[in-house]
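In: Could you work out the structure for the sequence below:
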Amino acid sequence: MITIVDYGLGNIRAFQNMYKRMGVETRSARTADELCNAERIVLPGVGAFDHAMELLDASGMRGTLDELVLGHSVPILGVCVGMQILAESSEEGVRKGLGWIKGSVRHFKSEPATNGLPLPHMGWNDVTTAEADPLFNSLETGSRFYFLHSYYFECAQPQEVTARAQYGANFTCAVKSGKIRGVQFHPEKSHHYGAQLLKNFADN
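Out: The predicted model follows:
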């Protein structure tokens with residue numbers, strides 16, 4: 001069973017439809033009570049970092065997420081802004097992130113090699129795995145995913161980077177700390193590559 005956190009951001013239905021085609025059961029959670037027995041969690045997100053944190057705090061699920069993920073090691077997958085809020089902070093705003101993975105979120109303009117490139121970074125891009133992670137089983141070579149973002153996760157611990165992509169310069173597009181994972185791209189929009197990644201999350 002996959003529980004998708006519905007705090008007002010992200011295309012919940014797209015995840016549900018993709019998992020339905022695989023025969024994997026899902027449910028959405030809008031309250032702490034609906035979240036409390038989660039076995040695996042998807043944390044989606046689109047838009048701005050601060051807005052995501054405001055909505056998550058207002059949902060009443062923040063404390064339950066901390067308890068499940070940090071206290072009980074329930075596997076979680078953050079997607080797009082759902083990945084970014086795993087960090088400690090972001091150049092996009094002033095609020096603190098969840099801080100589950102040490103690092104900060106930076107604007108592409110902070111990276112000289114991306115100066116002059118169109119923003120947001122949008123479209124399909126190759127992804128190269130950096131560390132072995134079952135999330136990328138059968139996706140180690142030739143994988144392409146759909147991106148839509150202007151900010152990227154700068155990990156404090158290089159060993160927690162599991163995949164990279166390139167937009168002017170190499171940037172982190174997947175992170176992992178224990179059973180906490182995040183991906184910058186949108187697997188729910190990435191056809192068979194995304195389906196394989198979401199299946200891997202359900203299975204591992």
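
In: which residues of this structure fall in helices?
Out: Secondary structure of the chain (DSSP state H): helices located at 12-22, 32-35, 49-59, 62-66, 81-84, 191-203.

In: Which strands or helices does the second one pack on?
Out: Looking back up the chat, that one is helix 32-35. Where contact means 3 or more C-beta pairs under 8 Å, 6 or more residues apart in numbering; DSSP states H and E, helix 32-35 is packed against strand 2-5, strand 26-29, helix 62-66. C-beta here means a position set from N, CA and C on the backbone, and glycine is covered the same way.

In: before we move on, the earlier item: need the winner for burial among the helices of the chain.
Out: Sort the helices of the chain by mean neighbour count, taking mean count of other C-beta atoms under 10 Å, and helix 81-84 sits at the top with a mean of 26.

In: From the chain's centroid, how far away is that one?
Out: Its chain's average C-alpha position is 5 Å from that of helix 81-84, according to C-alpha atoms, centre = their mean, to the nearest Å.

In: Which neighbouring elements make contact with that helix?
Out: Where contact means 3+ C-beta pairs under 8 Å, 6+ apart, helix 81-84 is packed against helix 49-59, strand 151-155, strand 180-183.

In: And the helices and strands packed on helix 32-35: which comes nearest Tyr146?
Out: Among the helices and strands packed on helix 32-35, the nearest to Tyr146 by C-beta to C-beta is strand 2-5 (18.4 Å).

In: Just give me how far that closest one sits from the chain centre.
Out: 13 Å.

In: Sheet-wise, list the partners of that strand with their directions.
Out: Strands that pair with strand 2-5, judged by DSSP bridges, come out as strand 26-29 (parallel), strand 41-43 (parallel).

In: now the ones you listed as TSV including mean neighbour count and distance to Leu86?
Out: Output for the strands paired with strand 2-5, formatted as TSV (neighbours: other C-beta atoms under 10 Å; distance: least, C-beta to C-beta, whole Å):
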stretch	mean neighbour count	distance to Leu86
strand 26-29	18	18
strand 41-43	26	8
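
In: separation between the residue of the chain most remote from its centre and Val94?
Out: No residue in the chain has its C-alpha farther from the mean C-alpha position than Gly116, which lies at 26.3 Å (C-alpha atoms, centre = their mean). Counting by C-beta to C-beta, to the nearest Å, the gap from Gly116 to Val94 is 28 Å.

In: Likewise for Glu160?
Out: When distances are taken as C-beta to C-beta, Glu160 and Val94 turn out to be 24 Å apart.

In: of the two, who's got more company?
Out: Neighbours were tallied for Glu160 and for Val94 using other C-beta atoms under 10 Å; the higher tally belongs to Glu160 (22 against 9).

In: From Ala14, how far out is Arg62?
Out: On the measure of C-beta to C-beta, Arg62 and Ala14 end up 24 Å apart.
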